[in-house]
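Chemist: one predicted model, sequence on top.
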Amino acid sequence: MKVLVSGKVKGIVLKSENPINFLGTVDKKTGIISDENHDLYQKPIKDTVLVFPSGVGSSVGAYTIYSIKSNKTAPLAMICKKADLTVATGCALANIPMITINDDEFNSIKNGMQISIDTESNQIHYQ
Amino acid sequence: MLELTKEEESALKGEQGEIMQMAHRILVATGEATDAEKLVPIEWAHLSGVNYNTIGDAGEEFLSSISNDARVKVKTTLNPMGFDNDNVSNYGLDENFISKQLSIRNSYETMGVIPSFSCIPYEIFDIPKDGTQVAFAESNAAIHANSYDNLKTNKESAFSALASALVGKSPYSSIRKEDSPNITIRMKVNDPNELTYGMLGFFAGKVGDTSVNISGLGEMDKRQTKAMCGGMGTSGTCAKFLFGEGDSDCEKIDFDEKEMQNVYDELNTAEKGDIITLGSPQLGLDEISDLTTKLKGRSFQKRCMVFMPRTVKEQSTKIGYTAELERAGCEILSDCCTCLSPLISKDNVDTVTTNSIKGAFYLKNSNGVGVNLKPLLQIVEDETR
């Protein structure tokens, strides 16, 4: 695992197989995915550990991540396969822990799992 | 793995305040995402994320919230905003846009940023000595800095450039370390004008990764080099071109009439324009001087918006160019640019004529208007009498 933004959290996994374009498909007030073609359509990402392949789209999406944090509708942490600058800088702005993991680890994470991350000790625990 | 100094570690832990902590978080996240092994000092940052059209309410609120405490540590200049305050009342912009834009301007000024509102910092500021590390977020400026000004910068994001300005350092990654392109583009189009070079840049940005070689270029004037940097910055992640054939194992790709036609067909969507825009990147003094000569005794038969930095406008006014352009019917705008301009809306304009590939891309995709591409010489011939 690679740590982009450090931190220590515990929460329930919300997993998507689709990349997320934060600008335009995540409602910056409610933190709900508003793109009907997305597999998380109408799901709130608030207080989840959000697991998805990577971010896509405009770098201004980083401000959306900052907004959902300010509006208290942001995930507790984000886990991706690939680090893209929009999600990395958005999480850095908002101080949301963010890590990347390899394909096998990504595949082993299931929706609804409880997961705890501690970047200090470089550990992820699943329950 | 990014190695931090003791001082950087302490900032990341929050021991130097919240702003420094956030700025270091951004540099670390950016550095890890781009495989940097350390941070390097920079001497100049150029920020994007100024136009309210692009950063919206979230950006405005963020900048406002940090501006009380955040101060830039190095010389920091700024991209264009959404309008020219001197004549904004002529354009029917709504009050909300104007007040949010002025708040953004105020936040940057409070942080100590030079309010240059220009996408051509390389043309209006002195260039530091060869090899100087800088952090430029504006894509055409980053490419120009790396390719023509012997500076070193990544194509920064709005956030990494801002964090670099606040810390005075940038992640040592990508083009700062490495510029040995694996692709050589061979320019095969005869008799090129600035539109041709814009299309060449756009093509290069699509096929290149971090840098490309370009061979077969003749003498180019400023208008043409800027067009090429602007075109390349628009279509991809590529941040530098090197001149020449490159190593023998480089993949060779021809930019010929057929490839040029493909770019043209992608971006040219209209037979003619309702209005004309000149400037994306903004025009420098050389281009203004040349435009004035081309327009001697002629006048535009439709609206023609001409975008330039405020400092260039001031010089032009002293020399007499401004008066001459206004006589020819030009609307002169400072502090803003064709790109992502709220002054051009599909509510009142269907199509725009321009010689800018960068401008065409954003007019088409962001403003949603039709675009008619022509080189400047032909615009003057067709649209003035």
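Modeler: Yes, it's here. This structure is a prediction, so every number in the text was calculated from the model and none was measured.

Chemist: any idea whether the residue most central in space within chain A is helix, strand or coil?
Modeler: When Cα atoms, centre = their mean is applied to chain A, the residue found nearest the centroid is A:M78 (2.8 Å). Three-state call for A:M78 (DSSP: H, G, I helix; E, B strand; the rest coil): strand.

Chemist: how's chain B carved up into domains?
Modeler: Taking automatic domain parsing as the criterion, chain B consists of the domains B:6-176, B:183-265, B:268-383.

Chemist: the last one near chain A at all?
Modeler: No. Domain B:268-383 stays out of contact with chain A when judged by Cβ under 8 Å from any Cβ of the partner chain, the minimum separation being 10.2 Å. (Each C-beta comes from the backbone N, C-alpha and C, glycine too.)

Chemist: and for B:L27, the neighbour number?
Modeler: 28 (other Cβ atoms under 10 Å in any protein chain shown).

Chemist: now B:E138
Modeler: 31.

Chemist: that one contacts B:H46, doesn't it?
Modeler: Yes. Assessed by Cβ atoms under 8 Å, B:E138 is found in contact with B:H46 at 5.9 Å.

Chemist: identify the contacts common to those two.
Modeler: B:79, B:121 (Cβ atoms under 8 Å, 6 or more residues apart in numbering or on different chains).

Chemist: now B:T184: phi and psi?
Modeler: Main-chain torsions, B:T184, degrees, to the nearest 10: phi -120, psi 120.

Chemist: spell out which parts of chain A neighbour chain B.
Modeler: Counting by Cβ under 8 Å from any Cβ, chain A sits next to chain B at A:2-5, A:28, A:59-60, A:62-64, A:66-67, A:70, A:83-86, A:88-89, A:91-93, A:95, A:98.

Chemist: look up the pLDDT of A:S58 for me, please.
Modeler: Looking at A:S58, its pLDDT is 78.

Chemist: mind checking the SS state of the closest residue to it other than its chain neighbours?
Modeler: Nearest residue to A:S58, sequence neighbours excluded (Cβ to Cβ, 6 or more residues apart in numbering or on different chains): A:L23, at 4.7 Å. Using three-state DSSP, the structure places A:L23 in helix.

Chemist: could you check how far A:L23 is from A:V5?
Modeler: With the distance defined as Cβ to Cβ, to the nearest Å, A:L23 ends up 19 Å from A:V5.

Chemist: looking at those two, which one has more neighbours?
Modeler: Using other Cβ under 10 Å as the criterion, A:L23 and A:V5 rank with A:V5 on top: 25 against 21.

Chemist: list the contacts for that one?
Modeler: Contacts for A:V5 (Cβ under 8 Å, 6+ apart) come out as A:88, A:91-92, A:95-98, B:25, B:28-29.

Chemist: select, from these, the two members most distant in space.
Modeler: A:I96 and B:V28 (13.7 Å; Cβ to Cβ).

Chemist: what about the contacts of A:V5, which are in strands?
Modeler: Of the positions in these, A:M98 sit in strands, assigned by DSSP state E.

Chemist: now do the strands in the stretch 251-385 of chain B.
Modeler: Using DSSP state E, counting those that start in this stretch, the strands found in the stretch 251-385 of chain B span residues B:251-255, B:275-278, B:304-307, B:330-333, B:351-354, B:370-373.

Chemist: as JSON lines, the ones you listed with mean neighbour count would be great.
Modeler: Formatted as JSON lines, the strands of the stretch 251-385 of chain B follow (neighbours: other Cβ atoms under 10 Å in any protein chain shown):
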{"stretch": "strand B:251-255", "mean neighbour count": "15"}
{"stretch": "strand B:275-278", "mean neighbour count": "25"}
{"stretch": "strand B:304-307", "mean neighbour count": "26"}
{"stretch": "strand B:330-333", "mean neighbour count": "23"}
{"stretch": "strand B:351-354", "mean neighbour count": "24"}
{"stretch": "strand B:370-373", "mean neighbour count": "22"}
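
Chemist: nearest to B:N150, out of the ones you listed?
Modeler: Set against B:N150 and scored by Cβ to Cβ, the strands of the stretch 251-385 of chain B come closest in strand B:251-255, at 24.9 Å.

Chemist: mind giving me the packing neighbours of the worst-scoring helix or strand of chain A on mean pLDDT?
Modeler: The weakest-scoring helix or strand in chain A, judged by mean pLDDT, DSSP states H and E, is helix A:22-25 (a mean of 85). With contacts taken as 3 or more Cβ pairs under 8 Å, 6 or more residues apart in numbering or on different chains; DSSP states H and E, helix A:22-25 sits against helix A:61-70, helix A:85-94.

Chemist: may I have the first one as CSV, with CA atoms only?
Modeler: Read that as helix A:61-70. Only the C-alpha atoms of helix A:61-70 are listed here, as CSV (Å, rounded to 0.1, in the frame of the first residue of the first chain):
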residue,chain,number,x,y,z
GLY,A,61,-13.1,17.9,-8.7
ALA,A,62,-10.6,18.3,-5.9
TYR,A,63,-12.7,21.3,-4.7
THR,A,64,-15.8,19.0,-4.6
ILE,A,65,-14.0,16.7,-2.2
TYR,A,66,-13.2,19.8,-0.1
SER,A,67,-16.8,20.8,-0.2
ILE,A,68,-18.3,17.5,0.9
LYS,A,69,-15.8,17.5,3.8
SER,A,70,-16.9,21.0,4.8
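
Chemist: tell me the angle of that helix relative to helix A:85-94?
Modeler: On the basis of axes from the mean of the first three to the mean of the last three Cα atoms, to 10 degrees, helix A:61-70 is oriented at 30 degrees to helix A:85-94.

Chemist: in chain A, which strand has the most residues?
Modeler: Using DSSP E, we find that the single longest strand of chain A is strand A:8-15.

Chemist: what packs against it?
Modeler: Applying 3+ Cβ pairs under 8 Å, 6+ apart, we find strand A:8-15 packed against strand A:49-52, strand A:114-118.

Chemist: now do that strand against strand A:114-118: the angle between them, please.
Modeler: 140 degrees.

Chemist: got a list of contacts for strand A:8-15?
Modeler: Strand A:8-15 is contacted from outside by A:40, A:43, A:45, A:47-52, A:75-77, A:97, A:109-120, using Cβ under 8 Å, 6+ apart.

Chemist: centre of the chain versus it, how much separation?
Modeler: The chain centre lies 9 Å from the centre of strand A:8-15; the measure is Cα atoms, centre = their mean, to the nearest Å.

Chemist: paired strands for that strand, with orientation please.
Modeler: strand A:49-52 (parallel), strand A:114-118 (antiparallel) (DSSP bridges).

Chemist: what pLDDT does the model give the residue nearest to B:I344 when sequence neighbours are not counted?
Modeler: In this structure, B:I344 finds its nearest non-sequential neighbour in B:N367, 5.4 Å apart by Cβ to Cβ, 6+ apart. On pLDDT, B:N367 comes in at 90.

Chemist: could you do B:N154 as well?
Modeler: As predicted, B:N154 sits at a pLDDT of 92.

Chemist: check contacts around it.
Modeler: B:34, B:135, B:142, B:160, B:170-171, B:173-176, B:239.
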